[in-house]
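Enquirer: predicted model follows, preceded by the sequence.
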Amino acid sequence: MTDATNTAAEPIVLELLGPGPDYVGKSVWLPQLFMETARAGTMVIEGRRFENCLIEGPAVLLPLEGCNFDGCNMGDAHGDPRNLMLSPQGPQRVTGPIPFKNCQFINCRFLGVGFTGAADFLDNMAKALAQPQDGATQ
C-alpha cells in the first residue's frame, strides 16, 4: 500500500550551467542554456566549447557560423540522417531554434535534438552522418 499523504512529486531543480565558456562532461539541457544566455542579455550562444557532454532537447539547434561537431553522436536518426534535419521555410530567418555561433562540440552525444540552417549546411550534415564512422560498416 502506498502513502496517499505524499502524492506530490518532488520539484525538479536544475543547477545553473553558467556562462562557460567550457563545459566538460555535463548534461546540458538546451532550453535551460538558452534561457540562461537570454537572461544574461544575448540571444545567441557564442564562443562555447562542449566536450563529452550530453546535449539534451527537445530542441532544434541552429548553427549560425563557426560551429564544429567533432566525434559527436548526433542522435537517433531512425535509419536516415535527414530525419534529424529541419528545413527553414522562410528565405532569411527562422524563429524558434536555439542559435549557436563559434561553438565547438567534441565527443558529445545529442538526445532529442534536431538541426536546422542553410540548405548547404543541412546537406553537408546529412552526408557526413551517412558516412561510416571510423571502422563502422553501413
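Expert: Ah, there it is. Numbering: from 1, shown residues only.
Enquirer: return the list of strands paired to the longest strand anywhere in the chain, each annotated with direction.
Expert: Counting by DSSP state E, the longest strand found in the chain is strand 54-65. Applying DSSP bridges, strand 54-65 is found paired with strand 27-29 (parallel), strand 98-101 (parallel), strand 109-116 (parallel).
Enquirer: Ser27: what's its closest spatial neighbour, skipping adjacent residues?
Expert: Sequence neighbours aside, Leu54 is the residue nearest to Ser27 in space, at 4.6 Å (criterion: C-beta to C-beta, 6 or more residues apart in numbering). Backbone N, C-alpha and C define where each C-beta goes, glycine included.
Enquirer: beta partners of the one you found?
Expert: Counting by DSSP bridges, Leu54 is bridged to Ser27, Arg109.
Enquirer: was I right about it contacting Asn107?
Expert: No: because the distance of 10.9 Å does not satisfy C-beta atoms under 8 Å, Leu54 is recorded as not touching Asn107.
Enquirer: run through the helices of the chain in chain order.
Expert: In the chain, the helices defined using DSSP state H lie at 30-39, 119-130.
Enquirer: can you redo those as CSV with mean neighbour count and distance to Val13?
Expert: Formatted as CSV, the helices of the chain follow (neighbours: other C-beta atoms under 10 Å; distance: least, C-beta to C-beta, whole Å):
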stretch, mean neighbour count, distance to Val13
helix 30-39, 16, 11
helix 119-130, 14, 34
